[in-house]
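Trainee: the following block contains a protein sequence and its predicted model.
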Amino acid sequence: MDDEDENGVEDDEPVQMEVGDPLVRTPIPWFNERNQFYTTVTLNDSVLHLRCKKKCGWMIRGTKSSEHSRGFTIVTYKGPHRETCVTEVLSTDHPHLDSSIIAEYVKSFVRKDPSLKVEFILELISKQFHFDVPYRRAWYAKEKAIAEIFGDWESSYGRLPHFMQALLRSNPGTCVVWKHKALVDGVYYSNMEVFERVFWAFGPCIDGFKHCMHVIYIDGTHMYEKYKGTLLVATSVDVSFQVFPLAFAVVEGENTSSWSWFLVVFGIVSCNECPNVGFIQPRAYHRFCVRHIASNLKTHVRSNDMRDMFKAAAYQRQERKLQADLCFIGEACTKAME
């Protein structure tokens with residue numbers, strides 16, 4: 001904790017403490033409605049030293065007899081606080097309830113569900129500590145918890161080769177293709193390979209494709225956090241009309257080069273054997289995605305009804321019914337029709 005970290009301490013009555021009393025270290029020190037704050041002078045694995053923020057003379061110092069001790073043993077205590085240390089305005093937030101403490105508390109929840117919503121963390125903290133922390137602090141806490149459990153972004157990318165080797169060993173027939181680069185931000189690295197892209201397809205998925213419809217769907221989704229990038233995915237549809245995964249790739253972003261590389265590795269070689277990477281008729285036709293247009297309608301028109309009306313029109317199989325639905329949309333909302 002920084003030197004200026006502060007927190008409230010219980011002091012409704014004079015605290016009688018003797019040298020040698022145990023002070024169990026808890027995630028959040030107790031405080032009371034008088035809102036008396038302290039400043040952390042020293043806090044590490046062996047020493048705890050706190051003093052009154054308003055410098056009234058209140059001070060407590062504790063040490064640990066060993067690294068396995070549950071808490072600190074008080075060696076020095078001066079108190080209680082003076083009446084002038086009382087802060088009249090009570091805050092719904094608390095400066096000592098930082099992201100590190102929150103991360104420690106929510107770690108078990110994040111381990112069970114890494115996609116845990118920040119809103120859920122805010123609710124947990126409010127119920128447990130009776131404070132409302134900012135959204136950004138809770139978000140940072142989740143990031144810290146993820147890093148402690150699964151490793152940070154550098155170590156995660158560093159484990160990719162080991163992960164892919166494990167896939168190859170445990171899934172016979174699995175295909176993994178790497179693409180590295182030596183030029184990064186204009187600097188040439190002759191003695192090392194820098195990760196750029198990786199493609200993989202599970203052996204069982206490769207074998208299962210022969211039982212699917214001979215139609216392939218491809219799409220990409222943005223990856224966030226430190227290194228950005230995009231996850232490319234190829235899927236098909238099985239005989240039960242369920243989505244069947246075929247192949248995946250982590251690339252630097254959605255562009256002609258990355259999509260071409262993905263499709264070539266995937267096996268659609270013709271895309272690299274004609275001008276402009278092969279995305280021209282009759283080998284390929286451009287079509288708009290119904291789901292993306294529906295999502296854009298919801299964003300710009302802000303109407304779930306309009307989104308559903310559009311999807312109903314898009315799935316019409318007769319031209320006259322399509323035109324009738326489009327006219328209905330136009331009458332209901334000119335902006336949606338545009």
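Mentor: On my side now, so go ahead. Numbers count the residues shown, from 1 in each chain.
Trainee: for the helix or strand containing residue 179, output the C-alpha coordinates as CSV.
Mentor: Counting by DSSP states H and E, the secondary-structure element that holds residue 179 is strand 175-181. Provided in CSV are the C-alpha atoms of strand 175-181 (Å, rounded to 0.1, in the frame of the first residue of the first chain):
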residue,chain,number,x,y,z
CYS,A,175,-3.4,-29.3,-36.9
VAL,A,176,-1.4,-26.3,-35.6
VAL,A,177,0.3,-23.8,-37.9
TRP,A,178,2.5,-20.9,-36.6
LYS,A,179,3.5,-17.7,-38.3
HIS,A,180,6.3,-15.6,-36.9
LYS,A,181,8.0,-12.4,-37.8
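Trainee: which residues touch it?
Mentor: Applying Cβ atoms under 8 Å, 6 or more residues apart in numbering, the external contacts of strand 175-181 come out as 164, 167-168, 193-201, 203, 206, 261, 265. The C-beta positions use only the backbone N, C-alpha and C, and glycine is treated the same way.
Trainee: what's the domain layout of the protein?
Mentor: With automatic domain parsing serving as the domain definition, the record reports that the chain contains domains spanning 6-85, 99-150, 157-278, 290-337.
Trainee: adding mean pLDDT and mean neighbour count, write those out as JSON lines.
Mentor: Supplementary listing: the domains of the chain in JSON lines, determined by pLDDT from 0 to 100; neighbours: other Cβ atoms under 10 Å:
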{"stretch": "domain 6-85", "mean pLDDT": "65", "mean neighbour count": "15"}
{"stretch": "domain 99-150", "mean pLDDT": "88", "mean neighbour count": "16"}
{"stretch": "domain 157-278", "mean pLDDT": "85", "mean neighbour count": "14"}
{"stretch": "domain 290-337", "mean pLDDT": "88", "mean neighbour count": "14"}
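Trainee: strand partners (parallel or antiparallel) of the strand holding residue 179?
Mentor: When pairing is defined by DSSP bridges, strand 175-181 lines up against strand 194-201 (antiparallel).
Trainee: who's in contact with the partner strand?
Mentor: When contacts are defined by Cβ under 8 Å, 6+ apart, strand 194-201 is touched by residues 157, 160, 164, 167, 174-182, 184, 246-252, 258, 261-262, 265-266.
Trainee: for the stretch 51-200 of the chain, what spans make up the strands?
Mentor: Taking DSSP state E, counting those that start in this stretch, the strands of the stretch 51-200 of the chain run over residues 59-63, 71-78, 175-181, 183-184, 187-188, 194-201.
Trainee: now render the ones you listed as CSV, adding distance to residue 143.
Mentor: As requested, the strands of the stretch 51-200 of the chain are exported to CSV (distance: least, Cβ to Cβ, whole Å):
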stretch, distance to residue 143
strand 59-63, 31
strand 71-78, 28
strand 175-181, 28
strand 183-184, 25
strand 187-188, 29
strand 194-201, 22
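Trainee: out of those strands, which gets nearest to residue 114?
Mentor: Comparing those against residue 114 with Cβ to Cβ, the closest turns out to be strand 194-201 (20.5 Å).
Trainee: following the closest one, which helix or strand comes up?
Mentor: Past strand 194-201, heading to the C-terminal end, the next element that is a helix or strand (DSSP H and E) is helix 203-208.
Trainee: that following helix - contacts with which helices or strands?
Mentor: When contacts are defined as 3 or more Cβ pairs under 8 Å, 6 or more residues apart in numbering; DSSP states H and E, helix 203-208 packs onto strand 243-251.
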